[in-house]
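Asks: Build me a structure from this.
(one chain, ligands or ions: 1)
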Amino acid sequence: MIFTLFATSLVFFALYLYTWWAKREKRQVELRKIVDRKRADRAESVKFARESAQKLNLDTRNKIAALEYSKLKEALQNGSISCIDAVRTYYHKAILANEKTNSVCMFVKEAERWALEWDEKAKDPDFKKPPLFGLPMSLKECVPLEGYDQTRGFVQDTYRPTKVDGVLVQQLKKLGAIPYVQTNVPQSLLSYNCSNPVYGKTTHPMDSTRTSGGSSGGESALISADGSILGIGGDVGGSIRIPCAYTGTTGIKPSHLRFSHRGVCGSVPGRPLINSNDGPMAQNVDTTVDFLRTVWADTWITEQDPYVPPVTWNEDVYSSTKKLKIGYYIDDGWFTPTPVCQRAVMEAKQILEDAGHTLVPFKPPKVPEVIRMFIRAVCVDAGKYLSRKLMNDIIDPLLYTQVVLWMVPVPVQRFFANIIKTFFPRFGSLMTSLTLSTEELRCTYADIEAYRSEMSNLIIEKNLDALLCPVTVTPALPHVVPSKLFAGTSYTAIFNLLDYAAGSVNVTYVTKKDEQDLEDNYEPSDPWYALAKQHSRGTVGLPIGVQVATPPYREETCLRLMREIERGVTGK
Ligand SMILES: CCCCCCCCCCCCCCCCCC(=O)NCCO
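Replies: Purely as a prediction, here's the structure:
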């Protein structure tokens, strides 16, 4: 009797599994067809951009291509170059960068028409050119752009073009900028590599076996390979700062409410407290400053979105010569960075001291707890929204480790956490991070608010204007490693949890001596440290950035210090 019951249950279970598998297989076939269609569309869009670029004479193209940001802006303003020539030059530059890095999702065909319309308007002698007149700009794929998909790397979200530009894109267009290309992201946006089943894998311009970072990895690769002069990224845990640090570019994640979020679909919709924010990415700090100075020149954003406070650009703060007090740290007590990342901070510290600032050691409190709170709050529903979306999609192989972790039921994770803690304490501790109940989630929100308060007290008590620290724990990693090493985001995630402004600026490049230091002085005391050590080998010549962070609405101070570090490094 018991045997019959057991055998029948087994048959039913096998049938259920088979039906599930057959349904999924059928769906995968449909999805693969969609991918083929989308890739053909992309090839078509590259062809369009190539043909457009070829209409430009070679001398003009070379002349425009050589202009740095301020010179390009000036030439567009004084009419010595036209908007259409600028767009065609940047189509060409992006095609070359894309061939090297696979950083482009789609070229924006309308850029040609917008450029021609601006050129037409400029023929009127009374026409007053807007400040970003004719400037080609790249956009991370998830930035809402009318007529274009914001797939976030999900095949199921292709062919659902956005109906209305996001507030930032509306403003860019009003100011004269011309979005000409959309750039690649990792599937789900919750990773710091850059690969998805729709557009494939973006590679680092200096080493194709490594990632250009993520999630704004299409932007960092394109900018670093000189295919864009200025782009928009997004960051909920490091997605602007890590790609910048990996590729030697620069970018800032402003505090949440300095930009509007109307119409923006982030990695997990309906997520309070840990918010994604758009921010500029560029080849140098001056470009990001000029961009933010322009978009925050007035209260236009607030007029479109009353939730954005009317905080305009504060030139006095940015241009101030007042000497500042800065807290610095090279180790947050959760994940000791590899030696080169520590050296970068010490060099930036020296530059800031030479500029007359006071640098004092600082220790952010409770970082192991912060990373747990961050994961719980950033996933919100223990990864249910993402798991469902992923199960209804082609899952990118480079995301497998993270997906498996999201799939393991939370009670099972909790059950094994204590056992795993005995031989891999850091992983065991994060196995309690996904929430088991809404009650736990509420307590975590309360803890995050308490942490913000504790940090505010510390900053006020110590009279600090800013913090200086590593961006992450290693140089650019091989593509598959970030999803295994999500614990390495503690240096960036803390500032999303605090909602600080935080930016990344290049300071140095990995040397042979750094590699020797790695061998001699970096203890692979658990599997995460072993991964960090193993994959930091063979990185001589790769860029390393540092991070500057300031409390909310102090973006100008953050940028001022980033600029001072950059000046100290480059001498210009
Ligand atoms: C040990 C069990 C833990 C299970 C959870 C594993 C999932 C971890 C997910 C969190 C990873 C966070 C990485 C963040 C990278 C940057 C993402 C970002 O800023 N995206 C921008 C979105 O606009």
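Asks: I'd like to know how far residue 552 sits from residue 395.
Replies: According to CB to CB, to the nearest Å, residue 552 and residue 395 sit 36 Å apart. No exception for glycine: its C-beta is placed from N, CA and C like everyone else's.
Asks: Centre of the chain to stretch 430-443, how far?
Replies: 26 Å (CA atoms, centre = their mean, to the nearest Å).
Asks: Correction: the previous question concerned stretch 340-358.
Replies: The answer for stretch 340-358 is 24 Å, by CA atoms, centre = their mean.
Asks: Which segments of the chain make up each domain?
Replies: Here the domain assignment for the chain is 20-317+326-370+449-570, 371-448, based on automatic domain parsing.
Asks: So which bits of this structure are right by the ligand?
Replies: Contact residues, the chain versus the ligand (CB under 6 Å from any ligand atom): 189-192, 215, 234-239, 266-267, 276, 375, 378, 402, 405-406, 413, 427, 430-431, 433-434, 486, 489.
Asks: In helices only, show me those residues.
Replies: Of the residues of the chain next to the ligand, the ones assigned to helices by DSSP state H are 375, 378, 402, 405, 406, 413, 427, 430.
Asks: What sits closest to the residue of the stretch 51-200 of the chain at minimum distance from the ligand if chain neighbours are left out?
Replies: Of all residues in the stretch 51-200 of the chain, residue 189 sits closest to the ligand, at 3.9 Å by CB to the nearest ligand atom. Sequence neighbours aside, residue 267 is the residue nearest to residue 189 in space, at 3.9 Å (criterion: CB to CB, 6 or more residues apart in numbering).
Asks: Quick check, the one you found in contact with residue 236.
Replies: Yes. Look at residue 267 against residue 236 with CB atoms under 8 Å: they come within range, at 6.3 Å.
Asks: can you list residues touching both of these two?
Replies: Common contacts of residue 267 and residue 236, defined by CB atoms under 8 Å, 6 or more residues apart in numbering, comprise 189, 190, 276, 378.
Asks: Neighbours of the residue nearest to the third one when sequence neighbours are not counted, how many?
Replies: This means residue 276. Spatial nearest neighbour of residue 276, excluding adjacent residues (CB to CB, 6+ apart): residue 236 at 3.8 Å. If you count neighbours by other CB atoms under 10 Å, residue 236 ends up with 24.
Asks: Name the residues of stretch 351-359 that come out as buried.
Replies: 351, 352, 357, 359 (16 or more other CB atoms under 10 Å).
Asks: what's the span of it from first residue to last?
Replies: End-to-end distance for stretch 351-359: 10 Å, by CA to CA, to the nearest Å.
Asks: now it: mean pLDDT?
Replies: Stretch 351-359 shows a mean pLDDT of 98.
Asks: List the contacts of that stretch.
Replies: 323-328, 349, 468, 561, 564-565, 568-569.
Asks: Surely residue 20 is within a helix?
Replies: Yes. Residue state for residue 20 (DSSP: H, G, I helix; E, B strand; the rest coil) corresponds to a helix.
Asks: Now do it: how many residues are near it, please.
Replies: For residue 20, the neighbour count with other CB under 10 Å is 11.
Asks: what residues are up against it?
Replies: Contacts of residue 20 (CB under 8 Å, 6+ apart): none.
Asks: before we move on, back to that, what's the most distant pair in the contacts of stretch 351-359?
Replies: Farthest apart among the contacts of stretch 351-359 by CB to CB are 325 and 569. That separation is 21.7 Å.
Asks: The two: which has the busier surroundings?
Replies: residue 569 (17 against 13).
Asks: Go ahead and report the secondary structure state at that one.
Replies: helix.
Asks: Without its sequence neighbours, what residue ends up closest to it?
Replies: Here the residue nearest residue 569, using CB to CB, 6+ apart, is residue 507, at 5.6 Å.
Asks: and what of residue 548?
Replies: residue 561 (4.7 Å).
Asks: In which helix or strand does the one you found reside?
Replies: Following DSSP states H and E, one finds residue 561 within helix 555-570.
Asks: State the helix or strand in which the residue nearest to residue 569 lies.
Replies: strand 501-509.
Asks: Check residue 94 too.
Replies: Assigned by DSSP H and E, residue 94 falls within helix 83-101.
Asks: swap in residue 293?
Replies: helix 285-295.
Asks: Pull the residues that contact that helix.
Replies: In contact with helix 285-295 (CB under 8 Å, 6+ apart) are residues 69-70, 73, 131-132, 168, 171-172, 175, 229-230, 250-252, 254, 279-282, 301, 313, 315, 318, 503, 505, 555, 559, 562-563, 566.
Asks: Would you mind confirming that the residue nearest to residue 276 makes contact with residue 275?
Replies: Yes. Using CB under 8 Å, residue 236 is in contact with residue 275, at 6.8 Å.
Asks: Now do the shared contacts for the two.
Replies: Joint contacts of residue 236 and residue 275 (CB under 8 Å, 6+ apart) are 266, 496.
Asks: Helices of the stretch 451-572 of the chain, start to end?
Replies: Remark: helices assigned in the stretch 451-572 of the chain by DSSP state H, counting those that start in this stretch are 490-497, 512-521, 527-536, 555-570.
Asks: follow-up on the earlier one: list the contacts of the residue nearest to residue 276.
Replies: 189, 190, 266, 267, 274, 275, 276, 277, 378, 496.
Asks: Please apply the same query to residue 496.
Replies: Residue 496 touches 235, 236, 237, 238, 253, 274, 275, 374, 378, counting by CB under 8 Å, 6+ apart.
Asks: picking up where we left off before, which of the domains of the chain has the highest mean neighbour count?
Replies: Per-stretch averages of neighbours, counted by mean count of other CB atoms under 10 Å, single out domain 20-317+326-370+449-570 among the domains of the chain, with a mean of 21.
Asks: Then residue 3 would be within a helix, right?
Replies: Yes. With three-state DSSP as the criterion, residue 3 is assigned to a helix.
Asks: Check the gap between residue 166 and residue 67 for me.
Replies: Residue 166 is 28 Å from residue 67, by CB to CB.
Asks: How far does stretch 443-462 sit from its chain's centre?
Replies: 25 Å.
Asks: shift numbering so it begins at 804
Replies: From this message on, residue numbering opens at 804, which makes the last subject stretch 1246-1265.
Asks: Enumerate residues external to it that contact any of its residues.
Replies: 1075-1077, 1128, 1130, 1163, 1165, 1167-1169, 1172-1173, 1176, 1179-1180, 1238, 1267, 1300-1302, 1354.
Asks: circling back: any idea of the mean pLDDT in the helix holding residue 1364?
Replies: 98.
Asks: residues contacting the residue nearest the centre of the chain?
Replies: With distances taken as CA atoms, centre = their mean, the chain has residue 1042 as the residue nearest its mean C-alpha position (2.1 Å). Residue 1042 is in contact with 992, 995, 1016, 1017, 1018, 1019, 1036, 1079, counting by CB under 8 Å, 6+ apart.
Asks: Residue 988 is in contact with the fifth one, correct?
Replies: In this case it means residue 1018. Yes. Using CB under 8 Å, residue 1018 is in contact with residue 988, at 4.9 Å.
Asks: Next, show the common contact partners of these two.
Replies: Common neighbours of residue 1018 and residue 988 (CB under 8 Å, 6+ apart) are 943, 997.
Asks: about what we covered before: so how far is residue 1019 from the residue of the stretch 854-1003 of the chain closest to the ligand?
Replies: Counting by CB to CB - residue 992 and residue 1019 are separated by 9 Å.
Asks: list residues touching both of these two?
Replies: With CB under 8 Å, 6+ apart as the test, residue 992 and residue 1019 both reach 1037, 1042.
Asks: can you give me the helices for the stretch 1004-1153 of the chain?
Replies: Using DSSP H, counting those that start in this stretch, helices in the stretch 1004-1153 of the chain cover 1020-1027, 1044-1050, 1088-1098, 1103-1107, 1118-1122, 1142-1157.
Asks: what helix or strand is residue 879 on?
Replies: Counting by DSSP H and E, residue 879 is part of helix 872-881.
Asks: got a list of contacts for that helix?
Replies: 867, 870, 884, 886, 889, 932, 935-938, 1032-1033, 1085-1087, 1089-1090, 1093.
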